[in-house]
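*Asks:* next comes the sequence, and after it the predicted model I'd like to discuss.
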Amino acid sequence: MLSGSVNIGVQSLFSPNTTLTYQAFSDFSGFTIEGSQYSQTDLSGNGYISSVVNFQMMTFPEDGGAPQTLIAGGVGYGNADGSPPSLILNAGTPSAGSYQLGIAGGASFLLSFDVINNMDVTACVTTPQ
């Protein structure tokens, strides 16, 4: 179930820096993201990602009432200049650095890139039989 929008901008063929802008984007029910993600790379895909993308997880009452926010926050991908903590790309794939996860009204966590890459979320998105 797709809703909202994602716009992808590429600086140029020889300067493949990209900006992904999410506006109330959702690719499955109950989870939306908003914000921009910027990557600065060379032609081999080596560089870094910066900016923050906010998320919101919703629940939908069985009685048809208004959706309620379960959890909201943001994922920080790094600093605009690529300084730590930032997510480092090697050949276009995260290879070092950290994500900054912030929960609205709560804690903030610095997560190594490999925690996210090795996390199995299959149980979270599998449809019950």
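*Replies:* In hand now; what should we look at?

*Asks:* can we go C-alpha only for contacts and neighbour counts from here?
*Replies:* Fine.

*Asks:* mean confidence score for the host helix or strand of residue 55?
*Replies:* In the assignment (DSSP states H and E), residue 55 maps to strand 47-59. For strand 47-59, mean pLDDT rounds to 93.

*Asks:* is residue 110 bridged to anything, and to what?
*Replies:* Beta bridges link residue 110 to residue 100 when assigned by DSSP bridges.

*Asks:* gap between it and residue 69?
*Replies:* 23 Å (Cα to Cα, to the nearest Å).

*Asks:* ramachandran angles for residue 114?
*Replies:* phi -70, psi -20 (degrees, to the nearest 10).

*Asks:* my guess is residue 28 contacts residue 4, does it?
*Replies:* No: judged on Cα atoms under 8 Å, residue 28 makes no contact with residue 4 at a distance of 11.1 Å.

*Asks:* what about the helices in this protein?
*Replies:* Applying DSSP state H to the chain gives helices spanning 113-118, 122-125.

*Asks:* can you tell me which of the ones you listed the model trusts least?
*Replies:* Across these, the lowest-scoring stretch is helix 122-125, with a mean of 62.

*Asks:* and the strands in this protein?
*Replies:* For the chain, the strands defined by DSSP state E cover 3-10, 18-28, 31-41, 47-59, 68-78, 87-90, 93-103, 108-112.

*Asks:* could you quantify the relative orientation of the second one and strand 47-59 as an angle?
*Replies:* Our comparison of strand 18-28 with strand 47-59, counting by axes from the mean of the first three to the mean of the last three Cα atoms, to 10 degrees, yields an angle of 20 degrees.

*Asks:* residues contacting residue 2?
*Replies:* Residues near residue 2 by Cα atoms under 8 Å, 6 or more residues apart in numbering: 25, 26, 27, 28.

*Asks:* with residue 96 instead?
*Replies:* The neighbours of residue 96, taking Cα under 8 Å, 6+ apart as the test, are 87, 88, 89, 112, 113, 114.
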